[in-house]
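Colleague: I need the structure of the sequence given here:
(4 chains)
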2 protein chains.
Amino acid sequence: MAQTRAPRADAVRNRKKILTAAGEQITEHGPEVGMDEIAAAAGVAVGTLYRHFPTKTDLVAAVVAAYVARVADDAETALGRVEAGARALDELAAFLGRVVEASVTDRAVKAAAQTLGAEPGDRADEDRASAAVAAIIRAGQADGDIHDDVTVSDIYLLFSTAPTDQPPAARTRWLALVMPGLTTRAREAGN
Amino acid sequence: MAQTRAPRADAVRNRKKILTAAGEQITEHGPEVGMDEIAAAAGVAVGTLYRHFPTKTDLVAAVVAAYVARVADDAETALGRVEAGARALDELAAFLGRVVEASVTDRAVKAAAQTLGAEPGDRADEDRASAAVAAIIRAGQADGDIHDDVTVSDIYLLFSTAPTDQPPAARTRWLALVMPGLTTRAREAGN
DNA sequence: CTTTAACGTGAACCAGGGTTCATGATGGAT
DNA sequence: ATCCATCATGAACCCTGGTTCACGTTAAAG
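Modeller: Residues are numbered from 1 along each chain as shown, chains lettered A, B, ... in the order given. All right, here's what the predicted structure looks like:
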């Protein structure tokens, strides 16, 4: 196959700036930010956006992919702690808490992706995340902390609905309300 | 004040048709349905939409208001049953189940409302619903079935995020996962 | 240093969809 | 039966926002 020349240094730099700016802008002003605004935030012209991403959908998809990769890393790290002896239920709760927090930075992006019909270009990261979460769940079930019928799709189901447009206190509360559905014991009164 | 003449019969008829069609269309094809399509579904011209609702936002707001009114009625009926001796927790669960079901017919509308910044024209219905739900919760707490710190805003928090884009089985599962957060006892294994 | 392919620029283009308005139809009061 | 205010119609308008493209720039190979 033909040797394609290595990409120019400034192109790489711009691509990063665009991805970052797109994430921030979409998070801040919702999915309906104009390409113009994203370009401005990245300190770049509109045309440059289109050089790197043929379509707005593709740009959003790329942003989502980056987010999914981060989540996958997080999940695998959490799994590592479990394997090192940490309590699975605690790790799961902490992980989910982080997801909810991060999803504030994310919900809008996801919504945009859905609206635009963007497909995750990289299924691999999704699988990584699923595998890690599944392992944590199994560990928790072995401990007798997590309900036996809980699956990864339950997690997805629950957290695809995290209230990202709510203030932090509400998000915390939400997590506290949702967790008992996963565990074998009812929640404590004060929690 | 000046006596405004009573509205014409066909105007009333059309207003109803529009409201119905708008609800259906938005539910079916998402919030981004064109005014043209709504008009077509209602068997009416676009201009007629604008005679009754000065703006798309207003139309959506009206649809939302109608939905809220229905929910309020439902909540009050449920409260009635509780006062007649029904178990509060059961009524709450059933009510929430209905809300989730109905929200399939609604989520899109709500999203549209949010997107367009539509304000609920009628706060009264919202208050009716809140009051009824609050009363049911109190009854359930008196029974010892519902956790003491549960409030109406918890219900909102949880159900403003119901997974409406999921298949029925998933919605049922979701409800089962969420309910334990409200009750004093962990869920049964088989449920 | 020269050359060139990759890259950046931004004004202009275009489609989709909300909104308007001049015109014609109609319900209801006299 | 007549009249008119209310209502319905839908083609045209306009604005927003994604997308393109002809031209100027620049990083890197030789």
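
Colleague: can you give me the domain assignment for chain A?
Modeller: A:8-52, A:57-181 (automatic domain parsing).

Colleague: among those, which is nearest DNA strand C?
Modeller: With Cβ to the nearest atom of the strand as the criterion, DNA strand C lies closest to domain A:8-52 of these, at 1.9 Å. Glycine gets a C-beta too; all of them are placed from N, C-alpha and C.

Colleague: quick check: end-to-end length of that closest one?
Modeller: 12 Å (Cα to Cα, to the nearest Å).

Colleague: what about it, average pLDDT?
Modeller: Averaging pLDDT along domain A:8-52 gives 94.

Colleague: before we move on, the earlier item: mean pLDDT lowest for which of the domains of chain A?
Modeller: Note on the domains of chain A: lowest mean pLDDT is at domain A:57-181, with a mean of 89.

Colleague: and DNA strand C, is that domain touching that?
Modeller: No: judged by Cβ under 7 Å from any atom of the strand, domain A:57-181 makes no contact with DNA strand C; its nearest approach is 11.8 Å.

Colleague: is that domain anywhere near chain B?
Modeller: Yes: applying Cβ under 8 Å from any Cβ of the partner chain, one finds domain A:57-181 touching chain B at A:115, A:147-149, A:154, A:157-158, A:160-163, A:166, A:170, A:173-174, A:176-181.

Colleague: list only buried entries from the residues you listed.
Modeller: Among these, those scoring as buried are A:115, A:147, A:154, A:157-158, A:160-163, A:166, A:173-174, A:176-181 (criterion: 16 or more other Cβ atoms under 10 Å in any protein chain shown).

Colleague: report whether the expected contact of residue A:42 with residue A:23 is present.
Modeller: No: using Cβ atoms under 8 Å, residue A:42 is not in contact with residue A:23, being 10.5 Å away.

Colleague: and residue A:84, its phi and psi?
Modeller: For residue A:84, the backbone dihedrals are phi -80, psi 0 (criterion: degrees, to the nearest 10).

Colleague: please enumerate the helices of chain A.
Modeller: Assigned by DSSP state H, chain A shows helices spanning A:9-29, A:35-42, A:46-52, A:56-83, A:88-104, A:107-116, A:123-143, A:152-159, A:168-178.

Colleague: burial check on the closest residue to residue A:150 other than its chain neighbours, number of neighbours?
Modeller: Leaving aside its sequence neighbours, residue A:150 sits nearest to residue A:182 (Cβ to Cβ, 6 or more residues apart in numbering or on different chains; 5.3 Å). Using other Cβ atoms under 10 Å in any protein chain shown, residue A:182 has 22 neighbouring residues.

Colleague: then residue A:16?
Modeller: 11.

Colleague: and if you look at residue A:96?
Modeller: By the measure other Cβ under 10 Å, the count of residues near residue A:96 is 20.

Colleague: that one touches residue A:174, doesn't it?
Modeller: No: Residue A:96 lies out of contact with residue A:174 (Cβ under 8 Å); the separation is 10.4 Å.

Colleague: contacts only, for residue A:132.
Modeller: A:72, A:75-76, A:78-79 (Cβ atoms under 8 Å, 6 or more residues apart in numbering or on different chains).

Colleague: from residue B:145, how far off is residue A:79?
Modeller: According to Cβ to Cβ, to the nearest Å, residue A:79 and residue B:145 sit 37 Å apart.

Colleague: tell me which of those two has more neighbours.
Modeller: Legend: neighbour count by other Cβ under 10 Å for residue A:79 and residue B:145, higher for residue A:79 (22 against 18).

Colleague: residue A:154 versus the nearest residue to the more buried one once chain neighbours are set aside, what's the distance?
Modeller: Ranked by Cβ to Cβ, 6+ apart and with sequence neighbours excluded, the top spatial neighbour of residue A:79 is residue A:132, at 4.4 Å. Relative to residue A:154, residue A:132 is positioned 15 Å away (Cβ to Cβ).

Colleague: thinking again about what came up before, would TSV of the domains of chain A with distance to residue B:31 be doable?
Modeller: Below are these laid out as TSV (distance: least, Cβ to Cβ, whole Å):
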stretch	distance to residue B:31
domain A:8-52	12
domain A:57-181	9
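
Colleague: just name the most buried of those.
Modeller: Neighbour counts (mean count of other Cβ atoms under 10 Å in any protein chain shown) averaged over each of those peak at domain A:57-181, with a mean of 18.

Colleague: please see if it touches DNA strand D.
Modeller: Yes: using Cβ under 7 Å from any atom of the strand, domain A:57-181 reaches DNA strand D at residue A:57.

Colleague: now do the end-to-end distance for that domain.
Modeller: Across domain A:57-181, first to last residue, Cα to Cα, it's 35 Å.

Colleague: contacts for stretch A:4-22 next, please.
Modeller: Against stretch A:4-22 from outside (Cβ under 8 Å, 6+ apart): A:38-39, A:41-44, A:48-49, A:52-53, A:59-60, A:62-63, A:66.

Colleague: which one of those residues sits closest to chain B?
Modeller: Nearest to chain B, judged by Cβ to the nearest Cβ, of the contacts of stretch A:4-22 is residue A:60 at 16.0 Å.

Colleague: any idea how far that closest one lies from residue B:73?
Modeller: Using Cβ to Cβ, we find residue A:60 at a distance of 40 Å from residue B:73.
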